[in-house]
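K.L.:
A predicted structure for the sequence below; I have some questions about it.
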Amino acid sequence: MDIGNEIKKRIEESGLTVVEVSRQLGCHRTNMYNLINKPSIDTQTLMRLSRILKFDFFSLYSKELHERELQDEQ
């Protein structure tokens, strides 16, 4: 899973701009774009983004973990 793409998708769906999200996150817009282009980010930042965007990004990891466990069982 590419969490950066998921974050970008949720920003677009939220109606907020990258600038607005970066402001709420307390970082420069350039850093926000860098974050979106990363395949992974630290959990503290992910928690803050989950609150800002009102979406549980951790659930995506749980879903992926569950799907992999099912594949392993087969």
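P.N.:
Right, received. Where do you want to start?

K.L.:
CA only for contacts and neighbour counts going forward, please
P.N.:
Fine.

K.L.:
need the contact list for Val21.
P.N.:
Ile11, Ile52 (C-alpha atoms under 8 Å, 6 or more residues apart in numbering).

K.L.:
Count residues in the vicinity of Tyr33, would you?
P.N.:
15 (other C-alpha atoms under 10 Å).

K.L.:
Does it lie in a helix or a strand, and which?
P.N.:
helix 29-36 (DSSP states H and E).

K.L.:
now Glu12
P.N.:
If you go by DSSP H and E, Glu12 is part of helix 3-14.

K.L.:
next one: the very next helix or strand once past that helix to chain centre, how far?
P.N.:
Next along the chain after helix 3-14, taking DSSP H and E as the criterion, comes helix 18-25. With C-alpha atoms, centre = their mean, to the nearest Å as the basis, helix 18-25 stands 13 Å off its chain's centre.

K.L.:
repeat for stretch 55-64
P.N.:
The mean C-alpha position of stretch 55-64 is separated from the chain mean by 9 Å, C-alpha atoms, centre = their mean.

K.L.:
returning to what we had before: buried residues in the helix holding Glu12?
P.N.:
By 16 or more other C-alpha atoms under 10 Å, the buried positions in helix 3-14 come out as Ile3, Gly4, Asn5, Ile7, Lys8, Arg10, Ile11.

K.L.:
For Glu69, which residues are in contact?
P.N.:
With C-alpha under 8 Å, 6+ apart, Glu69 has no contacts at all.

K.L.:
Quick one, grab the pLDDT at it.
P.N.:
With respect to pLDDT, Glu69 scores 71.

K.L.:
Likewise for the one 3 residues further on?
P.N.:
Per-residue confidence for Asp72 comes out at a pLDDT of 73.

K.L.:
Also Thr43?
P.N.:
Confidence score, pLDDT, at Thr43: 94.

K.L.:
Neighbours of it, how many?
P.N.:
For Thr43, using other C-alpha under 10 Å, the count is 11.

K.L.:
Show me the shaky parts of the protein.
P.N.:
Applying pLDDT under 70 to the chain flags residues 70.

K.L.:
if I look at Ile11, how far off is Arg68?
P.N.:
27 Å (C-alpha to C-alpha, to the nearest Å).

K.L.:
Many thanks, I have nothing further to ask.
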